[in-house]
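In: could you work out the structure for the sequence below:
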Amino acid sequence: MQHANLDHWTERADLAASFRWAARLNMHEAVANHFSLAVNDEGTRFLINPNQVHFSRIKASDLLMLDVDDPSVMDAPNAPDPTAWGLHAAIHRACPHARCVMHTHSIWSTVLACLADSRMPPIDQNTATFSNRHVIDEEFGGLAFEEEGRRCASLLSDPVSKVLVMGNHGILVVGDSVADTWNRLFYFERAAETYVRALQTGRPLRIMSDDIAEKTARELEDYPGQAEAHLSELRAILDAEGDSYAT
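Out: Residues are numbered from 1 along each chain as shown. Take a look at the predicted model:
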């Protein structure tokens, strides 16, 4: 049921659904990690999860509406997590192309981020999806308060790079919408799992050529409607179960 006093209801419900599925897929971490979505043309006003609420309980009406130019929000009774403000406000302020920002410490992506070499070679379609399309942060500076947030935002200035492998930390994915970003986060986690499990065999990897990896990545980028269908199906499952996410 939509609350009459809340704007951007579709966006709120989409974001709430993505929290619920992140929890189902064990891509959450207790009451930490954050997803945000810009709702104005400038990218300066954004929705984000409330402070220290488990992903599996977040509802559309719970989401905070913040403004990157209003730091006084941190003094409010319902202030967001300081690291949510530090990281997400910095990215929305500096990278208007990053309409949606999803940051997790999901297991396989974090394992990748903990390797001395966090590059992910193209060994299947999913890993090829991210060929030359992710950035590796090798300068972890502690919790993502404002200074660290600004540093991370500077690594996402190129709109082509929509995944930040945060060395010693986790993963951060940006996109044009909730559907686009969730789909990218899901597939990067799958790709990281495939790569790490392949390494665990101790056997040589079958690595694609650069040309085939790029061809595959472009074909997947042009594949019509997958991200939207993915999120729509997840919402349909939640709706059929009578889930409270869209309340």
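
In: can you check which helix is longest in the chain?
Out: Across the chain, the longest stretch assigned as helix under DSSP state H is helix 178-200.

In: ok, and for it, which residues are buried?
Out: Neighbour-count burial for helix 178-200 flags 178-196, 198 (criterion: 16 or more other C-beta atoms under 10 Å). In this view, the C-beta of every residue, glycine as well, is placed from N, C-alpha and C.

In: which parts of the protein are strands?
Out: Assigned by DSSP state E, the strands in the chain fall at 34-38, 45-48, 64-67, 100-104, 134-137, 163-166, 170-175.

In: closest to residue 83 out of the ones you listed?
Out: strand 34-38 (7.7 Å; C-beta to C-beta).

In: for the closest one, packing partners?
Out: Using 3 or more C-beta pairs under 8 Å, 6 or more residues apart in numbering; DSSP states H and E as the contact test, the elements touching strand 34-38 are helix 9-24, strand 45-48, helix 82-84, strand 100-104, helix 178-200.

In: weakest of these by average pLDDT?
Out: Looking over the helices and strands packed on strand 34-38, mean pLDDT reaches its minimum on helix 82-84, with a mean of 94.

In: any buried residues in that one, and which?
Out: Buried-residue list, helix 82-84, by 16+ other C-beta under 10 Å: 83-84.

In: name the residues that touch that helix?
Out: 34, 36, 48-49, 51, 74, 143-145, 149 (C-beta atoms under 8 Å, 6 or more residues apart in numbering).

In: from the chain's centroid, how far away is that helix?
Out: 15 Å (C-alpha atoms, centre = their mean, to the nearest Å).

In: low-confidence ranges, the chain, go.
Out: 1-5 (pLDDT under 70).

In: nearest the geometric middle of the chain, what residue?
Out: residue 102 (2.2 Å; C-alpha atoms, centre = their mean).

In: residues contacting that residue?
Out: So residue 102 contacts 18, 35-36, 172-174, 181-182, 185 (C-beta under 8 Å, 6+ apart).

In: show me which pair in those residues is furthest apart.
Out: Going by C-beta to C-beta, the pair spanning those furthest: 18 and 172, at 14.4 Å.

In: what is the neighbour count of residue 40?
Out: 12 (other C-beta atoms under 10 Å).

In: try the one 10 residues further on
Out: Residues near residue 50, counting by other C-beta under 10 Å, number 18.

In: just to revisit the earlier point, what helices and strands are in contact with the longest helix of the chain?
Out: Applying 3+ C-beta pairs under 8 Å, 6+ apart, one finds that helix 178-200 makes contact with helix 9-24, strand 34-38, strand 100-104, helix 107-114, helix 125-129, strand 170-175, helix 226-240.
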